[in-house]
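>>> need a structure here:
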Amino acid sequence: MPALWAKIVCVFPQSIETILLRAKGAPLSLYIDQWTSANAVWDIINRYDLLRGARVLDCSQDSQEHRPLRDWSAYLVNRQLPQLQHLTLHIVSFTDVAHLQYQPPIANSLRSLAINVPFPIIAPTLESLHTIGTIWHQPMLLEYLEQYPGLRTLNIDAVSGDHRGFARVISEETLLIAERMKRECKDVSLVRLPDLRTLKFGYAGENAFRLVRNIEAPVCDRSVVANVWSQPDLLSLLARLRALCHVDLNAFTLFARGNADRTIDMAFTDEHPYVGRPDELDDRAFTRGVLIGYSTGYEPYVNRVPSVLDALPSPLLIRTLVLDHSCDHLCRDLECGGIMWDVSPATFARALKSFRSVTTLHLVGQEGGIKVPAILGQKLEDLQELVLPSLRELFITLRRPACHVWWENLRTVLSARKEAGCPISRMIVRGAGACHTYRTNRFEKEQAKAYAQLTASSTSKSDALSKWLKYCEVTLVQERMLVTELVDERALSACDCAAGALHRGKRPWEFVEPETKSMRRPRTISLLDSSDLCMPLPSETQRDGLPRRVPPDALTQPADLHRLPSFLRKEGHHLES
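Below is the predicted model of the structure:
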């Protein structure tokens, strides 16, 4: 019961005495935010000596004009904090302990520390350190880290100079103290952290690279950088973090969220690639390796992808390559180009010319890039060989249906590699989108004719829909003949193409004509003309049921796409139902 009372959040000051009385000697958790009355908190802590019994102290104070500023660091000096295990200290101003010849607080049980100023704390058992804000200069950080050789986790928001815009509220006096401390820092050439397993940066640049260059961490196996702003900094950090990380980094994942995004996420891992993660970067799910987010500023990421791949350090060490694209709301349901955008397959292939050891390739979420499969069929003229010459295993994961041209390009590539003597031995097809194909705007007349012929004898919407979906079905029959082994891991039960056809606004098929009780003559289903659809057709129909922009006598033969052979009569140019 005392421990339960000690965890109760106190809202009304007059109840603190009651809580302390019932808590008896149980450890306390103190959370003091910027809205707490500074005078009341200060008086209560002094009156009951709360810090001595505190296990958790979280003090986040910002400058408030109507509230007095409290120098919490001055209150902590010359103190023993025997039970304190977790300390978060975000303060506006602090006391330079060494300059004023004070004794730093002693917290022999402290395990984790998050702090925004270089205030020294004696904590021989400290395992986790988070430096908040951008006040931390590189020499100051090295000197601070020397105090805590037992660190297992180091999280640095930013080294001073790498990102000025990240600075949080802090007083001018504190900035001057930090500058003086920087000048007075001793020269630390190397900090050894024998137990460090995780190193994280919020923002990293040239100064972060200099810091990491002076850290020795023999068991570090996880490095995460959320934002790097320049390509030179990115490449130097990648080289250093890969050397620092004691994991065989044989897999490389390049992940791009969408063409409107300005971030490229890169992950180096062991033989298990970092795939299937959510759209947002989640470093909590990343357990081993190096993970970096490259922010390209005002330039879309697609303009940087080839240059990053071309300049990536040690590409010959990569055995598994993952190209992962996730459309955001601006390029969803459009032919966005996937991870290539408008880069030609030849240009993209040249960026991969040094990845000669890659045996496994994952193409994830590339359904918006019609030309993406064509990369694998590019011949590198200077090397007189196909790109990725060691490639034998291909994983394809489609989140949404791909265009019929996408599948045609894939089959062409599989055939070309087979003829060139470097075939795909094993192909694995995954995802809920590998169920059906659709036609792009360029083929709308062709599609309208095929659709009208296919559903001419249909007596109901459901019957017409069933025939059309069967026509557009991805069977993998032809692909199976072009590889040694094809593994079908598609989530066909998750296919919602039929539901999309029955509800407006869903891609790729829509009904626009209400069903009537009497259907004396065959009727057809047309597609809405919508800028959100990949294959828009006019919603208005003539009396014969064909879209107005498609001549009734059009004999356009649909290009070869996945369908049952019985639907196509080679002679006569029409489809049987």
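>>> any idea which helix is longest in the chain?
Across the chain, the longest stretch assigned as helix under DSSP state H is helix 404-419.
>>> list the buried ones in it?
Taking 16 or more other CB atoms under 10 Å as the neighbour-count basis, helix 404-419 is seen to contain the buried residues 404-411, 413-414, 416-417. Heads up, the C-betas are built off the backbone N, CA and C, glycines and all.
>>> what are the phi and psi values for the residue nearest to F252 when sequence neighbours are not counted?
Leaving aside its sequence neighbours, F252 sits nearest to I318 (CB to CB, 6 or more residues apart in numbering; 4.8 Å). Listed backbone geometry of I318 is phi -80, psi 120, with angles given as degrees, to the nearest 10.
>>> ok, the one 5 residues further on next?
Backbone dihedrals for L323, given as degrees, to the nearest 10, come out at phi -110, psi 110.
>>> partner residues bridging it?
For L323, the beta-bridge partners are L254, L363 (DSSP bridges).
>>> my guess is it meets V364, correct?
Yes. Here L323 lies in contact with V364, judged by CB atoms under 8 Å, at a distance of 7.0 Å.
>>> one step back: let me know the next secondary structure element after the longest helix of the chain.
Past helix 404-419, further along toward the C-terminus, the next helix or strand under DSSP states H and E is strand 426-431.
>>> packing partners for whatever helix or strand comes next after that next one?
Elements were assigned by DSSP H and E; along the chain past strand 426-431, the next helix or strand is strand 437-438. On a contact count with 3 or more CB pairs under 8 Å, 6 or more residues apart in numbering; DSSP states H and E, strand 437-438 meets strand 402-403, helix 404-419.
>>> between the ones you listed, which gets the lowest average pLDDT?
The minimum mean pLDDT among the helices and strands packed on strand 437-438 belongs to strand 402-403 (a mean of 86).
>>> tell me what that one is packed against?
Where contact means 3+ CB pairs under 8 Å, 6+ apart, strand 402-403 is packed against strand 437-438.
>>> may I have the strands that pair with the strand it packs on, each with its orientation?
Strand pairing (DSSP bridges) places strand 437-438 next to strand 402-403 (parallel).
>>> what residues does the strand it pairs with touch?
Under the contact criterion CB atoms under 8 Å, 6 or more residues apart in numbering, strand 402-403 has outside partners 335, 367, 370, 433-434, 437-440, 534.
>>> and that strand, how far from the chain's centre?
Distance of strand 402-403 from the chain centroid (CA atoms, centre = their mean, to the nearest Å) equals 24 Å.
>>> I'd assumed S93 was in a strand, is it?
No. In this structure, S93 is coil, not part of a strand, as judged by DSSP: H, G, I helix; E, B strand; the rest coil.
>>> contacting residues around it?
Applying CB under 8 Å, 6+ apart to S93 gives the contacts 69, 71, 73, 170-171, 173-174.
>>> neighbour-wise, which of these leads?
Counting neighbours by other CB atoms under 10 Å, S73 leads the contacts of S93 with 23 neighbours.
>>> element containing that one?
S73 belongs to helix 72-76 when elements are defined using DSSP H and E.
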